[in-house]
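**Student:** need a 3D model of the sequence below.
(5 chains)
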Amino acid sequence: MKPVIAAKSFEQLLKALHQLSSKYLVVAPTTEDGVEHYRPITQMSEEQKSQVERLSLRNQPPLGSVKPFLFPDSEIYIEFTKKDGKLDVQTPRASVPQIILGAKPCDVVSLELIDKVFLEDPVDGLYQEKRDNTVLIVNQCDEMGANCRCDDFGVQRSTGSADLLMSKDESSGKILLKAQSEKGNILAEELLKEGMEENPVFREPKVPVKEALESEKIQQAMDDFFESPFWEELAMRCIGCATCTFYCPTCHCYDIRDFQRKEQGARYRTWDSCMFPDYTRMAGGHNPRPTRKDRVQNRFYHKLSYFVKNEGALGCVGCGRCGEKCPVGISMDTVLNRIGGEVNDK
Amino acid sequence: MKIGVFICWCGSNIKNMVDVERVAEATGKMPHVVYTQDVQYLCSEVGQSDIGNAIDEHQLDRVVIGACSPRMHETTFQQLMNRKGLNPYYVEIANIREHCSWVHTDKAKATVKAIDLVKKAVAKSYYAVPLHAESLPVNKRALVIGGGIAGIQAALDIADAGYPVDLLEKESSIGGKMAQFDKTFPTLDCSACILTPKMVEAATHENITLHTYSELEDVSGYVGNFHVTIRKRATSVDEERCTGCGECVTKCPAKVDNEFDQGHSKRKAIYTLFAQAVPNKPVLDRKNCIYFKTGKCGVCKKICPTDAINYEMEDQLIENDYGAIIVATGFELNEPTHLGEYHYGHHPDVITSLELERMLNASGPTQGKMYRPSNGKEPKRIVFIQCAGSRDRHDGNSYCSKVCCLYTAKHTILLNEKFPDTESYVFYIDVRTAGKNYEEFYERARQMGANYLRGHVSKVEPLGDSDNRLLVRGYDGSLGEQTEIEADLVVLATSIEPQQGAKKLAGMLGISSDRNGFYSEAHAKLKPVETQTQGVYLAGVCQGPKDIPEAVSQASGTAAKAIVLFNRGQVKGVPTTAMVDEELCSGCMQCKPVCPYEAISQEMITERAHGKARQRPVASINRALCQGCGACAGLCRSGAMDIGGFTGRQLLAEVDTL
Amino acid sequence: MMQDTFEPKIIAFCCNWCSYAGADLAGTGRLKYPENIRIIRVPCSSRVDSALVLRAFQNGADGVMIAGCHPGDCHYDTGNYHTRKRMMLLKSLMEFMGLDEERLLVKWISGNEADRFKDTVESFTSKLKKMGASGKVRDLRCAK
Amino acid sequence: MTNNPLMPINAEVINIIPESNDVKTFQLKPEKPLDHMPGQCAMLSLLGVGEALFSITSPPGRDYLEFSIKRVGKLTEVLHQMEPGQTVGIRGPYGNNFPVERIKGKKLLFIGGGIGLAPLRSLIQYTLDRPGEYPEAKQLIYGARSTDDLIFERDIFNAWPEEKNFEVNLSVDVEAPNWDGFVGFVPQYLEELSPDPQDTVAVTCGPPIMIKFVLQTLEKIGFNPDQIVTTLEYKMKCGIGKCGRCNLDEFYVCKDGPVFYLSDLNQMKSDFI
Amino acid sequence: MCKITEELQQIAAELLKEGKVDLVLGYTKGEQEEQSVPCIVTQPEDASKLIFDEYSEKALSKYLLEESFQDKKVAIVLKGCDQRAFKLMQDESRLGREDVYLIGVECPGMKWGEDLSPFCLHCDYRTPAKEDVDSLLTGADIPEAMQGEPLDHEDSFTDINRLEKMSKEERFEFWKRQLNRCKRCYTCRNACPVCTCRVCVFDRENPDYIDRAKDQMAQHQFYHVIRAFHVSDRCVSCGECARVCPEGIPLHLLNQKLLRELDKFYGEYQAGIDEVPTPLSHANADEPDFFGKEGKA
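**Tutor:** Here you go, the predicted structure:
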């Protein structure tokens, strides 16, 4: 059964979700000082709430992806007190169920790519717990944003592990939700109780899906391109910040750190970036990727070659965030446009 | 790492307010603390041997003391460490007496605080590093800059102690300002009579080398090891050949104003500075020499019996190494032309005190006769104006020139003695007579008839009479009304100022000047002759206005400092100096200007990176100079600069413990 | 937290030559002041950098005091001139960021000003008591 | 409770053996046994200080695990200050191991430098423990900067030279009094000794620069890349192929390594040193 | 094509052709609309890629410190602020003047979203001094807003005034919200042309001055205060920190606030124009004393 339910308006949907906020943490895209992010709706100002509809239904992802809600930028997993030589260890409490409203297909696929890493044995329980606790409400984009390359990466309108699909019926202004997982069904039931109604049909997106790049071809082209002087040129332009990696929805690298002051402390993991020299620099000083060229190359090869070899898929969803925010304008296109005609011919 | 913690009771001083046993117990649980003990008196012999025994028994490598202020007994415990073969900087002291038991009244809270303080010390000791003082050999030769009375005195004292001294003087003779004076207050000794023997002694002393007509060209290095370049200006007179007969001076046709007499007489283009000049050999003033101006003349060369005149002579650069430098560059007098109300420079009968001094001097331009420059007649009424340019925030210097009150008293006395029918009027703000026998001297001046008027002079103007006399308008504070005095001569007590080139010299020596341009001593009270640059000392008025006995005693003070340095034979720095982590240092040298001791310089190091050897600059500390203040470390962005005993890690550890 | 039971934590950096000596003199003179202050000895107030001050606040200090010689009296001649310049900037930046710059006290206390040291500790402590616990710059993992 | 593979278990420090100025060997007894094979690593950590990966020095089958640790950074500095009886965190073992099956019946040449002897020691001891499986001649070429930097003195000077069929060759980089061994770098010594590559497998570990030249020398004296095994040391955080940093091309050193045949490394596009 | 671009292409081609330089570091058109990005040209025929326009914001000078640029003769395009940054690096011994060919360009003012950058509106050093560069290209189309006298600091950085007028709690909330978004990606640091330390204090692990946690406001505050402090007197007012921040945090306000205070109390100083030492590396008795109002006891 794939029930379709409808809210009279987006406002009604938001209201219904609000009603569930004692049970779920409900997050949705909004703007904060002009920057687009997913934020808990309970913490939004009225002004911010008014942005939610536009950004949820928009054909372009916000700057911040949904990743931080499943793989937080900092996550404590051991808390401890050391008093008079005695160590007392606690693990933080379990995560709460959460609803992510207005996630994009690229977000969904990016999580599926992270799943390949984190849910592979040994399973990363911290991630899995949040993944299991998350209901994704996804709007399938009708078109693409200026920096979107989701069509190339086969992500356009992917619905894979979305729990509910969302679209707006322009004529009636109704917001339609279609459940497509167990979690989705449960939420749909709950939303029905909050005043939403069943609807006979779901509005499917208009534009046909384009053919995607072939991951093996890209991987092969990348491997053939390894010795190209292009990488040195690109590295000379890169300034080595972590913008690309921190805004990438598929980057999953992390660092493990300890913190202690007086008797209290914590061990946590926190996002790390392969663009930082100390990412690979060892305490003794040796660094297997000593130059920026090594690091730049590693990032692109990780996404476009190694990931294909290890996980059978490209490690990029074409969301365009890295290119949009790169202070020196380096994007996935910068590389894809150079690795050979064959790829671009499709 | 094995740390022993020792808590002192200080009898009842600590124990009454702090539960010492609890402190020992609580800190004993910290990592690496293997031994704790509370002791009745840690500073006593018993306490010391308790620590010593524990070091032996438990193989302690660090010791933490909870006791009185480290300012009290740090050395005691450091010496104990030394005796035990441990570095003295492996002892850390928590001040639980002055900062805790003595200032608090709640025993429970004081105990908690004492525990915190000792824990902080333990945490700091985790990151203690062994420290040693750096020592450098000293070049036992002194340079004295300035051949006035202060410079001469300093040079003689050092020379008498057996060390070689170079005495540098920019004029052609040593003697300085004192050589221009007639008498000295308060004794009225003849200035020349007491100065000339000293000048001769300096010139003939086996340990003193005179460099007259010379200036400082460059200074590098640091205490014990200064490298100095001296520029000896060309005198055009071969010193070896010249006998000082004076024939050339007599025959020289070029006449110019004599600066030594403040322009009240003429001298020749080839001249000796004054009759008793030392060395008593002429120099040729090329700016005014006819030969140098026109290429014709050459009289001096022709008549010199020893062929000592050499027109081709060039400036000589002399390089020498010194261990200490004494700066005794003296002062200048302000030219009061900017004080328009006194009419100086507009009326010839308004003169400065130094001009008067020259007139009164038997060997001066008038052979001791008084005259009015306007008409040559003897002045009958002389008005002295004090603080002409001193203590004047608006048009002059805000400070007091210190000697004017007394020399003006001297002038009135001398005038009264030599020319009993002259009247002296003195306008003053305050009369300052701090100094032995000074008040008596001033009293004597008044009793001898000098008229002292407390008040400002608002204007000096020509009276317009046939005698061209002056009208001095002023305020008489004792009468509380405006007063006018007709005067034959007006004498301005002008302000003492630093030498023109003082700033440049300060730059070369790395010493600082105060807001008035006088050189700054290292500490106003306790280091009055030292400067921030170790090995550079200050004597005389270059440090601030002072009279002759003060200048002389300060000079002897500098000599003592230099002699101490030479006797010790080495400069020993403090152990807690700055240290540079070359790996982190970018060599940006932001730290360099911060250092008050010029202890930081840039150095090139070679390192291998990416398979290539490259040179790069880093900051480098001269550990003999660095005093360990840490201003550099407080500024260094990457934390490359650290201070031994107070490293970033240690301070962070302390902060993190509290 | 109740205001009258709140005991602020003060970390003080005192220069060895003046302020630390001033604190010593307060002890020798048996002057009494609140227990809230913990003194860290530094050679000169200029040794203290902003990182140390912020670290103290992060760790939960309610007040930080930097005490040095009076201007002109610095043992190292110019150290405290640097201190006042740097700390003025730090305070103005703190204020600009809405942080409680009053919690950072810079004070000149000479080696013979025991009373001034005592008065400073007393008034700073009571001021901080009124202000309550510092929360704006505190690392929450250090919360007691 | 959340299944978190990053969660360490406790291990008691039962003994600490100083090896050199900056190396100490720690004998640990984990609260639950960790079964490992030679070449594998484990994460050691101290709460509040940090966590790092170290190769296991002891052979399998002991009731303790040994780690030889050089003092280079924050964690190792604190580890070096520890005393027996204290506790550390441990998780693992991680990574692959030396190809104990493939090298059976071969002559074995071990080449180590400095702290790099640590992982080799596990394998050496493993093969010495099983003379039936590894009967052929064994040779160790081991060097360090100075005599003070040689580790496992009790093994290299006493125990191993006593073993049958085991030749121990030692070198130091710089001349030292009372040193009658080789003076020079390990690759030079290797070239001088030029062991016969016939039926031999060379296993090497040491500082990156040494490995680089040892590999060149081995090929020069006739070893084929598939006769050369090395173990790589990369910075690691998770140890389970998720945190990203230790990849060499598509391989994660923590998971697919740290032991590699040179023939495999030669296939890599990236420089492995 | 504007005059400067034309001349730039010409000079670049000549320099490369004559072998005077190995590469020219300038700008080219980016992939996005209204975007210019750094560009390295090594062949004379590629010189035509080079452009210079109102989107050529990126300060290029710091690239010269990168390993890839060592042992090469480089020609570099510098606006006024970039040349200041270059000069500061030179004064701080980070590089030498000899091996670099400086192409100074007159800056038409850079875009700041739709508007002109407040930095440019305040700037009185749009064009490097002739004697400081090897070639100087002028003739930019100066927008009207930039043609008169530069704006005063108060009139240009009005956000500072606005914040100063807020209550302390409002200011705190403002910065809390802003800094909450900080991910410590270090883009601001890496883009800053005067952040030139060999080893950044924030990259040091032992001791770790900063903790890596991204969920602690205190750590963000620490980072941003210390960063502002390290840049303060050395800031060349290029505006890169704010431009590159992916979270749109107005970081420049912190620097500019400090600059305003420094100028107010210690006299105006412009890093990279005025001689070193910078204001924070010297101090003297005559400076105002903020902490001694009650005088000596």
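**Student:** check which element follows the helix ranked longest in chain A along the chain.
**Tutor:** With secondary structure taken from DSSP state H, chain A has its longest helix at helix A:105-118. Using DSSP states H and E, the helix or strand that follows helix A:105-118 in sequence is helix A:125-132.
**Student:** what about that following helix, near chain D?
**Tutor:** Yes: using Cβ under 8 Å from any Cβ of the partner chain, we find that helix A:125-132 touches chain D at A:125-126, A:128-129. For glycine as for every other residue, the C-beta is placed from the backbone atoms N, C-alpha and C.
**Student:** give me the residue from chain E nearest chain B.
**Tutor:** residue E:92 (3.7 Å; Cβ to the nearest Cβ).
**Student:** again, but for chain A
**Tutor:** Counting by Cβ to the nearest Cβ, chain A gets nearest chain B through residue A:84, at 4.2 Å.
**Student:** count the residues that sit near the closest residue to that residue other than its chain neighbours.
**Tutor:** For residue A:84, ignoring the flanking residues on the chain, the nearest one in space by Cβ to Cβ, 6 or more residues apart in numbering or on different chains is residue B:29 at 4.2 Å. Other residues near residue B:29 number 13, with proximity taken as other Cβ atoms under 10 Å in any protein chain shown.
**Student:** and residue B:150, by the same measure?
**Tutor:** Neighbour count for residue B:150, taken as other Cβ under 10 Å: 33.
**Student:** need the contact list for the closest residue to it other than its chain neighbours.
**Tutor:** Nearest in space to residue B:150, with sequence neighbours left out and distances taken as Cβ to Cβ, 6+ apart, is residue B:540 at 3.0 Å. Residue B:540 makes contact with B:146, B:148-151, B:328-330, B:546, B:551, B:554-555, according to Cβ atoms under 8 Å, 6 or more residues apart in numbering or on different chains.
**Student:** now do 6 Å
**Tutor:** B:150, B:328, B:330, B:551 (Cβ atoms under 6 Å, 6 or more residues apart in numbering or on different chains).
**Student:** the third one and residue B:149 touch, don't they?
**Tutor:** Pointing back at residue B:330 there. No: in this structure, residue B:330 is not within contact of residue B:149 by Cβ atoms under 6 Å, at 8.9 Å.
**Student:** which of those two has more neighbours?
**Tutor:** Ranked by neighbour count (other Cβ under 10 Å), residue B:330 and residue B:149 place residue B:149 first, with 30 against 24.
**Student:** that one reaches residue B:178, doesn't it?
**Tutor:** Yes: with contact taken as Cβ under 6 Å, residue B:149 and residue B:178 are classed as touching, separated by 4.6 Å.
**Student:** can you get me a residue count around residue A:200?
**Tutor:** 6.
**Student:** try residue E:130
**Tutor:** Here the count is done by other Cβ under 10 Å, and residue E:130 has 10 residues near it.
**Student:** over to it: give its phi and psi.
**Tutor:** phi -50, psi -40 (degrees, to the nearest 10).
**Student:** which residues touch it?
**Tutor:** Counted by Cβ under 6 Å, 6+ apart, residue E:130 has contacts residue E:136.
**Student:** and it, how far is that from residue E:102?
**Tutor:** 11 Å (Cβ to Cβ, to the nearest Å).
**Student:** tell me where the chain has strands.
**Tutor:** Assuming you mean chain A. A:4-7, A:25-32, A:35-40, A:74-83, A:86-90, A:98-103, A:134-139, A:164-169, A:174-179, A:197-198, A:254-261, A:264-271 (DSSP state E).
**Student:** that's the wrong chain, I wanted chain E
**Tutor:** E:23-29, E:36-41, E:74-78, E:100-105, E:111-112, E:115-116, E:135-137.
**Student:** out of the ones you listed, which is closest to chain C?
**Tutor:** strand E:111-112 (21.1 Å).
**Student:** what residues does the closest one touch?
**Tutor:** Under Cβ under 6 Å, 6+ apart, the answer for strand E:111-112 is E:54-55.
**Student:** what separates it from the chain centre, distance-wise?
**Tutor:** 14 Å (Cα atoms, centre = their mean, to the nearest Å).
**Student:** residues from chain B in reach of chain D?
**Tutor:** Counting by Cβ under 6 Å from any Cβ of the partner chain, the positions of chain B adjacent to chain D are residue B:1.
**Student:** identify the residues contacting the residue of chain B found nearest chain E.
**Tutor:** Chain E sits closest to residue B:588 of chain B, with a gap of 3.7 Å, by Cβ to the nearest Cβ. Counting by Cβ under 6 Å, 6+ apart, residue B:588 makes contact with residue E:92.
**Student:** so what's it scoring on pLDDT?
**Tutor:** Looking at residue B:588, its pLDDT reads 94.
**Student:** can you verify it is assigned to a helix?
**Tutor:** No: Residue B:588 is assigned coil when assessed by DSSP: H, G, I helix; E, B strand; the rest coil, not a helix.
**Student:** which residue ranges of the stretch 301-450 of chain B form strands?
**Tutor:** B:316-322, B:324-327, B:331-333, B:350-352, B:381-388, B:423-428 (DSSP state E, counting those that start in this stretch).
**Student:** among those strands, which is nearest residue B:529?
**Tutor:** Evaluated over the strands of the stretch 301-450 of chain B, closeness to residue B:529 peaks at strand B:324-327, with 8.7 Å, by Cβ to Cβ.
**Student:** thinking again about what came up before, tally of neighbours for the residue of chain A closest to chain B?
**Tutor:** So residue A:84, with other Cβ under 10 Å, has 10 neighbours.
**Student:** ranking the strands of the stretch 301-450 of chain B by burial, who's on top?
**Tutor:** Using mean count of other Cβ atoms under 10 Å in any protein chain shown, the stretch among the strands of the stretch 301-450 of chain B with the largest mean neighbour count is strand B:324-327, at a mean of 30.
**Student:** okay, that one in CSV with CA atoms only?
**Tutor:** Backbone C-alpha positions of strand B:324-327 (Å, rounded to 0.1, in the frame of the first residue of the first chain) are rendered in CSV as follows:
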residue,chain,number,x,y,z
ALA,B,324,80.9,48.6,27.9
ILE,B,325,79.8,52.0,26.6
ILE,B,326,79.3,55.1,28.7
VAL,B,327,77.2,57.8,27.2
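**Student:** just checking, what packs against it?
**Tutor:** strand B:142-145, strand B:536-538, helix B:548-568 (3 or more Cβ pairs under 6 Å, 6 or more residues apart in numbering or on different chains; DSSP states H and E).
**Student:** so which residues of chain C form strands?
**Tutor:** So, for chain C - with DSSP E - the strands run C:10-15, C:37-42, C:63-68, C:104-108.
**Student:** anything in the second one near chain B?
**Tutor:** I take that to be strand C:37-42. Yes: on the criterion Cβ under 6 Å from any Cβ, strand C:37-42 is in touch with chain B at C:38-40, C:42.
**Student:** with just CA atoms, put that strand into CSV.
**Tutor:** Provided in CSV are the C-alpha atoms of strand C:37-42 (Å, rounded to 0.1, in the frame of the first residue of the first chain):
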residue,chain,number,x,y,z
ILE,C,37,41.2,34.4,43.5
ARG,C,38,43.9,32.1,42.2
ILE,C,39,47.1,33.8,41.2
ILE,C,40,49.4,32.6,38.4
ARG,C,41,52.8,34.1,38.4
VAL,C,42,54.2,35.5,35.1
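**Student:** residue ranges with poor pLDDT in the chain?
**Tutor:** Looking at chain A here, since you left the chain open. Chain A contains residues with pLDDT under 70 at A:1-2, A:207, A:340-346.
**Student:** nope, chain C
**Tutor:** C:1-4, C:143-144.
**Student:** which non-adjacent residue is nearest the residue nearest the centre of chain E?
**Tutor:** Chain E has residue E:238 as the residue nearest its centroid, 3.4 Å off, counting by Cα atoms, centre = their mean. Take residue E:238 and drop its neighbours on the chain: the residue closest to it by Cβ to Cβ, 6+ apart is residue E:81, 4.0 Å away.
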